[in-house]
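> Pasting the sequence and the predicted coordinates here, then a few questions.
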Protein chains: 2
Amino acid sequence: MKWEENVRKVVPYTPGEQPQKAGVIKLNTNENPYAPAPGVAKAAAALNVEKLRLYPAFPEKTELMEALAAHYQIGTDQIFIGVGSDDVLSIAFMTFFQSDKPVFFPDITYSFYDVWADVYGIPYERKALDADFQICPADYCKPNGGVIFPNPNAPTGVLMPLEKVEEIVAANRDVVVIVDEAYIDFGGTSALPLIDKYDNLLVVQTFSKSRSMAGMRIGFCMGHPALIRYLNDVKYSVNSYTLNTAALALGVEAVRDEAYFRECCQKIIQTREKAEEELTKRGFIFPKSYANFIFASHKTIPAREIFERLKENDIYVRWWNKERIDNYLRITIGTDEQMEALYRALYEICG
Amino acid sequence: MKWEENVRKVVPYTPGEQPQKAGVIKLNTNENPYAPAPGVAKAAAALNVEKLRLYPAFPEKTELMEALAAHYQIGTDQIFIGVGSDDVLSIAFMTFFQSDKPVFFPDITYSFYDVWADVYGIPYERKALDADFQICPADYCKPNGGVIFPNPNAPTGVLMPLEKVEEIVAANRDVVVIVDEAYIDFGGTSALPLIDKYDNLLVVQTFSKSRSMAGMRIGFCMGHPALIRYLNDVKYSVNSYTLNTAALALGVEAVRDEAYFRECCQKIIQTREKAEEELTKRGFIFPKSYANFIFASHKTIPAREIFERLKENDIYVRWWNKERIDNYLRITIGTDEQMEALYRALYEICG
């Protein structure tokens, strides 16, 4: 077709499978196995459907913003909310990575980073993790157009200590450093306290993992008010109203129930510790994880084979046909019952 | 701050005010005065909140897609769904307007077009409407990088007859022509039947106006499957999961209730006809509107003055401090009761 010449052609990100079959044990997309906080169901029941005829409120004028500010003990002018952390990250790429110099991120990392860079025409360089899947801060302390990395890293689960994070932020005061903390609540230490010290630091978090709200698409980031203003300007240049009225209402309750939040995270951490024992017994090796998944390789059986045999047993984990990581499985931490089923299946496959 | 040098700086779109005060008559953002279809409230009550822990389904595998395909009698591969038509339009700008030649749109039109063009670095040329606010098809039949216009146009409400729309589409087979039909259900004739004839035509619609769902942020477009595939590729390169589970569920019911939909549109058209009489009596002139608003100018009193005096009476309409249109008010059609209050206030102001 004649119009195709002027079309943007991209290779999109491929998300994990979403099997629709009932009875599947879904350990492939890092969803939380526990329901959202009980208050979320109450907020859903109380939703004023008549009001849906009106545009949603702007996030900065919502209770959700106030709840986040109260929870994290920061100002509402230090928070930006988006449609999942993917939306926040995508807008941050558009806003802050405008240099001719390459943006730096790890070679093994969240596979959306290079997709965003490609779609927005941002130059980038991948920095290799070391043999233990650790980020080497020195690699990020050379001239660049910005830095982004997840902490804990995905899909490895490896946590960088806060002093190393600070080293990278401090060495890059002339660009924006984005720390993508999607998994920070499962035992890591957030870089959030550093935002008052470094105006070039943006800390991104999400409701999709630790707050059990993947289905509502809520993400946010925290940083200096000037960073937040630039993000808002770009956001209001793309779509004024993104979070819908339901997300804004239900999100509040997920933030306010601190006790439930802590309890779910703690349960996942305990299940992860048990999983480390069980996987070790079955011949797996893996870096210590600080996320709600384990990135594991079997000593003798190829990852692909285990992946396929688990799938035959209706257990879905994630496997990538990608250099350096194609002998690894990313296994989301489910409930204890789901994990027991996994251990039984792995016993059949691996002995 | 040192990092500011490499930041994208933009002048964002300014949406209409969202007064939080109770008792305000809000005729400034073209919301529907009637509640969503009764089935929407039932779908909200039936929402499985436990399932919100899981990512939403991809739109193309949802009942919402099937409902739209059934309603519009087209294939699911001819539909793309987004977070409001702003999301759909923004992705379409990114995807299809990649030429070095300028994109054409009217000088008086939806004020997001130039904002998207600026944020994505797309060259554009504004084509002047004639003295009656009509689009001149000949202006759009010169070499360009794409064409977009609303039909009916915003904020004028002026409808272009379908044969003129076809003239523009047919003259531009080497680029994509986007017809933004946000207001088409209030008496216009959609270009939808032309999508089988012209693979370069994209027809964009929304749930925000005629389906009373501005608060849920659902928009969609229809076109040749190849257009839809390119849009999906870009969408999956930016954010895999955008519509949340609640929007996907509630949207279905807004599409399925054909009778309620027709009834609400008909009521708004009737109220608009009455408003035309009343506004004429009070000294206003305006082009015939085919939208859920009237774009009116008073013969003697400046628009700004009327705008401000209405606001003092807690009646919000829209006024732009912009060349060529700064003596016009865009008045959304509300309920008959809301409009009676408007007529009373205008009687005080204009006599």
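Structure's in. What do you need?

> CA atoms for contacts and neighbours, from now on please.
Will do.

> Name every strand pairing with whatever helix or strand A:Cys221 lives in and say which way it goes.
Element membership for A:Cys221 (DSSP states H and E) is strand A:219-223. Applying DSSP bridges to the sheet, strand A:219-223 is found paired with strand A:79-82 (antiparallel), strand A:201-206 (antiparallel).

> so after the shortest one, what's the next helix or strand?
Spelled out, it's strand A:79-82. helix A:84-96.

> Now do the next helix or strand after that following helix, average pLDDT.
Toward the C-terminus, helix A:84-96 is succeeded by strand A:103-106 as the next helix or strand (DSSP H and E). For strand A:103-106, mean pLDDT rounds to 98.

> what's the answer for stretch A:117-126, then?
95.

> Which helix or which strand is home to A:Ser43?
Small correction: residue A:43 is Ala, not Ser. Assigned by DSSP H and E, A:Ala43 falls in helix A:38-45.

> Could you do A:Ala259 as well?
Assigned by DSSP H and E, A:Ala259 falls in helix A:258-281.

> so how far is that helix off the chain centroid?
18 Å (CA atoms, centre = their mean, to the nearest Å).

> and A:Cys350, backbone torsions?
Taking degrees, to the nearest 10, you get phi -110, psi -10 for the backbone angles of A:Cys350.

> Burial check on A:Phe112, number of neighbours?
Neighbour count for A:Phe112, taken as other CA atoms under 10 Å in any protein chain shown: 21.

> Quickly find the element holding the closest residue in space to it that isn't next to it in sequence.
Nearest non-adjacent residue to A:Phe112, counting by CA to CA, 6 or more residues apart in numbering or on different chains: A:Tyr13, 6.0 Å away. Using DSSP H and E, A:Tyr13 falls within no helix or strand.

> My read is that A:Tyr13 contacts B:Lys235, right?
No - contact between A:Tyr13 and B:Lys235 fails when scored by CA atoms under 8 Å: they sit 9.5 Å apart.

> just to revisit the earlier point, now the strands paired with strand A:219-223 in JSON lines, with mean neighbour count and mean pLDDT?
Shown next, in JSON lines, are the strands paired with strand A:219-223 (neighbours: other CA atoms under 10 Å in any protein chain shown; pLDDT from 0 to 100):
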{"stretch": "strand A:79-82", "mean neighbour count": "26", "mean pLDDT": "97"}
{"stretch": "strand A:201-206", "mean neighbour count": "27", "mean pLDDT": "98"}
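
> looking at the ones you listed, which is closest to B:Gln205?
strand A:79-82 (23.1 Å; CA to CA).

> Phi and psi next, for the spatially most central residue of chain A.
A centroid search over chain A (CA atoms, centre = their mean) returns A:Ala182, at 3.3 Å, as the residue closest to the centre. Backbone torsions of A:Ala182, given as degrees, to the nearest 10, read phi -60, psi -30.

> related to what we said a few turns ago, Provide the contact partners of the strand holding A:Cys221 at residue level.
Contact with strand A:219-223 is made by A:78-88, A:192, A:195-196, A:199-208, A:228, as judged by CA atoms under 8 Å, 6 or more residues apart in numbering or on different chains.

> wait, A:Arg304 sits on A:Arg330?
No - shown here, A:Arg304 and A:Arg330 do not form a contact pair, counting by CA under 8 Å, at 11.5 Å.
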